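Peer 1: Got a sequence here, can you model it:
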Amino acid sequence: MLDELYAWIVELEGSTYTVIQTILYALLVLLGLYILYRCLKKANIAIDTPLILTGLTYIILGGLLRVVEDTGMVPEPWWILFVTPQVYFLTMFFAMAMLFISYQLQKKKKVVSYTTPFMLGGIISSLIVAGFLVWFGFTQATDVDVGAGIIVLLIAAAAAVALWAVLRYIFRWEYVNQPLYLVLIGGHMLDASATSYALAFKGYIEQHVLGSTLIDLTGTPYVMFALKIVVLIPAIWILEKFRKEEGMESIWHLVLLAMIVVGLAPGLRDVLRMVLGI
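Peer 2: A predicted model of the protein is given here:
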């Protein structure tokens with residue numbers, strides 16, 4: 001049974017995503033949100049903007065851990081824990097453990113706010129993993145390209161500022177200044193920039209069904225920016241309408257969290273892969 005499961009995961013990791021896989025991963029995201037929602041409610045932890053913002057450190061951690069697997073340094077069979085979606089569930093459970101510990105520290109008045117130790121846990125963990133990747137870059141990697149990372153980040157920043165300016169000053173959406181909307185825009189522009197650059201100059205292959213279809217139709221990987229914008233603009237508008245509904249604040253935060261994860265984490269992974277040449 002375990003051998004068949006292992007072989008199935010290996011096969012999935014070596015192939016492009018099918019429609020069925022995409023639906024399966026979407027259902028797993030919903031499952032993860034449900035688990036997170038139930039645990040936070042049971043622990044009486046407020047699902048609010050400070051929680052999500054401090055939790056960004058764990059999204060970064062998840063992206064970094066995914067790159068660790070890309071280095072090929074994780075031995076069998078443990079590498080299967082570091083591929084999508086397992087790595088993000090692993091990171092979520094670690095973040096939840098750190099959150100509950102931090103919240104207990106607050107209840108016992110050891111800290112003023114749980115957000116401080118919670119965020120520090122994510123930062124320290126991310127720095128440890130980042131340290132390993134730096135070591136790998138200096139000692140094991142043979143095709144390091146820091147310039148590619150800089151270019152991708154500059155393109156992402158320019159695209160994010162441009163989209164924000166359109167929403168704020170042309171659409172006149174003042175609410176787009178909400179920190180989580182800014183992170184959402186930045187994360188997805190990073191993903192679009194990294195994907196486009198990797199496909200255009202690094203010989204990468206788009207694994208997702210919709211993305212690969214659009215690239216085939218248009219003949220350019222930069223269509224990823226258009227795809228992100230077409231999704232983000234109505235999504236932000238709908239989310240803001242949803243946010244104003246009574247009792248929906250917690251769900252709004254969790255939906256935004258999920259949307260940030262699927263943009264920021266893979267974007268960070270692709271940038272680091274190009275920098276390390278893996």
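
Peer 1: Please make it C-alpha for all contacts and neighbour counts, starting now.
Peer 2: OK.

Peer 1: Going by neighbour count, list what's buried in the longest helix seen in the chain.
Peer 2: If you go by DSSP state H, the chain has its longest helix at helix 249-276. For helix 249-276, the neighbour count (16 or more other CA atoms under 10 Å) marks 251-254, 256-257, 259-276 as buried.

Peer 1: now stretch 80-88
Peer 2: Of the residues in stretch 80-88, those buried (16+ other CA under 10 Å) are 80-84, 87-88.

Peer 1: Same question for stretch 45-54.
Peer 2: Quick answer for stretch 45-54 (16+ other CA under 10 Å): 47, 49, 51-54.

Peer 1: could you give the mean pLDDT of it?
Peer 2: Mean pLDDT, computed over stretch 45-54, is 94.

Peer 1: Would you map the strands across the stretch 101-250 of the chain?
Peer 2: Read by DSSP state E, counting those that start in this stretch, the stretch 101-250 of the chain holds no strands at all.

Peer 1: All the helices of it, residue numbers only.
Peer 2: 115-139, 146-165, 179-201, 209-218, 223-243, 249-276 (DSSP state H, counting those that start in this stretch).

Peer 1: any chance of those helices in JSON lines, with distance to residue 70 and mean pLDDT too?
Peer 2: Formatted as JSON lines, those follow (distance: least, CA to CA, whole Å; pLDDT from 0 to 100):
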{"stretch": "helix 115-139", "distance to residue 70": "10", "mean pLDDT": "97"}
{"stretch": "helix 146-165", "distance to residue 70": "17", "mean pLDDT": "97"}
{"stretch": "helix 179-201", "distance to residue 70": "15", "mean pLDDT": "96"}
{"stretch": "helix 209-218", "distance to residue 70": "21", "mean pLDDT": "86"}
{"stretch": "helix 223-243", "distance to residue 70": "23", "mean pLDDT": "95"}
{"stretch": "helix 249-276", "distance to residue 70": "8", "mean pLDDT": "94"}
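
Peer 1: right, and those helices - which one's nearest residue 93?
Peer 2: Set against residue 93 and scored by CA to CA, these come closest in helix 115-139, at 12.4 Å.

Peer 1: Deepest in the core, which of the helices of the stretch 101-250 of the chain is it.
Peer 2: The highest mean neighbour count among these, using mean count of other CA atoms under 10 Å, belongs to helix 179-201: a mean of 22.

Peer 1: No further questions, thank you.
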